[in-house]
Each structure stands twice: as structure tokens, then as C-alpha cells.
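S.K.: Need coordinates for the below:
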Amino acid sequence: MSHSDQKGSRKLLAILSYLVAAMAGAVGQFCFKIFSGKMVTDSAWELALSPYLWVAIVSYFGVMVLFIVGLRLWGEMSTLYPIYGSTFVWALIMASIWLGEDISYTGIAGTALIIAGIALLNFKTSHVPGEDS
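M.R.: Okay, here's the model as predicted:
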């Protein structure tokens with residue numbers, strides 16, 4: 001495998017780690033949402049043992065591990081962090097599917113803007129001002 005192939009593979013793995021981190025972050029948000037509803041009815045002991053609380057905590061821990069892995073593989077934050085912004089898209093999808101939340105047209109438009117923004121932030125031109133060719 002050539003050096004450029006290896007660099008490309010590391011970049012792809014880093015991007016995938018941030019995409020998985022975004023999904024894990026959305027799972028954590030989803031679980032915290034369900035957990036927050038139980039705070040009114042469940043005892044402190046039931047809350048402490050709630051699988052929703054623990055899945056959320058593990059999800060957020062996993063996000064941090066995936067951040068480190070991605071940065072170690074290929075640490076271009078200007079590419080990786082916008083990908084993590086897709087967390088909001090995943091959370092919206094989960095809320096719609098599993099919580100039955102209605103997504104308005106403005107919600108769909110906003111989600112499209114998030115996706116477009118991620119794409120634009122990751123679009124590389126052939127020449128960046130101030131960068132040597």
C-alpha cells in the first residue's frame with residue numbers, strides 16, 4: 001500500500017469515526033430524553049439503575065473515544081468537527097421514528113441546511129488563499 005493510499009485510508013477511518021460519534025451522540029440525546037420523562041415518576045433507585053441513563057452515559061463516553069481515535073488517525077479538525085454536526089440530523093430522525101415527533105417543513109429545511117453546511121465546510125477547492133501550492 002502506497003503512502004497516499006495509507007493516508008486516504010486513515011482519513012476515511014477518521015471521518016467514519018466522527019460519523020459514528022455523531023450517531024452515538026444522537027443515541028445519548030435520545031436516551032436522555034426518555035430518561036428525563038422518568039424523573040417525575042421513578043424513585044431515585046430506579047433512576048440510578050435506568051438503562052436509558054447508562055446507555056446515554058456510555059454513548060457520550062464512546063463519542064469522546066471516537067473523537068480521540070479520529071484525531072489520532074487524521075487530525076484535520078476543520079473537516080472532522082463539521083461531520084459531528086450531523087448529530088442533530090440523527091437526533092431529528094430518531095425523534096421522528098421512535099418518539100413520533102412531527103417534523104415541520106421548517107425542520108426539514110433546517111436539516112437540509114445542516115447537511116449542506118457540513119458539505120460546504122468539507123468542500124476543498126484546488127487553491128486556498130494563503131496556502132502554498
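
S.K.: Spit out the contact partners of the residue sitting nearest the centre point of the chain.
M.R.: The C-alpha lying nearest the average C-alpha coordinate of the chain belongs to Ala22 (C-alpha atoms, centre = their mean; 1.2 Å). For Ala22, the contacting residues are 83-87, 90, taking C-beta atoms under 8 Å, 6 or more residues apart in numbering as the criterion. Where C-beta positions appear, they are placed from N, C-alpha and C, glycine not excepted.

S.K.: Check what contacts stretch 70-82 and list those residues.
M.R.: The set of residues that contact stretch 70-82 without belonging to it, under C-beta under 8 Å, 6+ apart, is 7, 10-11, 13-15, 17-18, 21, 117-118, 121-122.

S.K.: farthest pair in those residues?
M.R.: Comparing all pairs in these by C-beta to C-beta, the longest separation belongs to Lys7 and Gly117, at 25.9 Å.

S.K.: what's the longest helix in this protein?
M.R.: With DSSP state H setting the assignment, residue counts place helix 3-38 as the longest helix in the chain.

S.K.: Next secondary structure after that helix?
M.R.: helix 44-48 (DSSP states H and E).

S.K.: so how far is whichever helix or strand comes after that following helix off the chain centroid?
M.R.: Counting by DSSP H and E, the next helix or strand C-terminal to helix 44-48 is helix 51-73. Its chain's average C-alpha position is 10 Å from that of helix 51-73, according to C-alpha atoms, centre = their mean, to the nearest Å.
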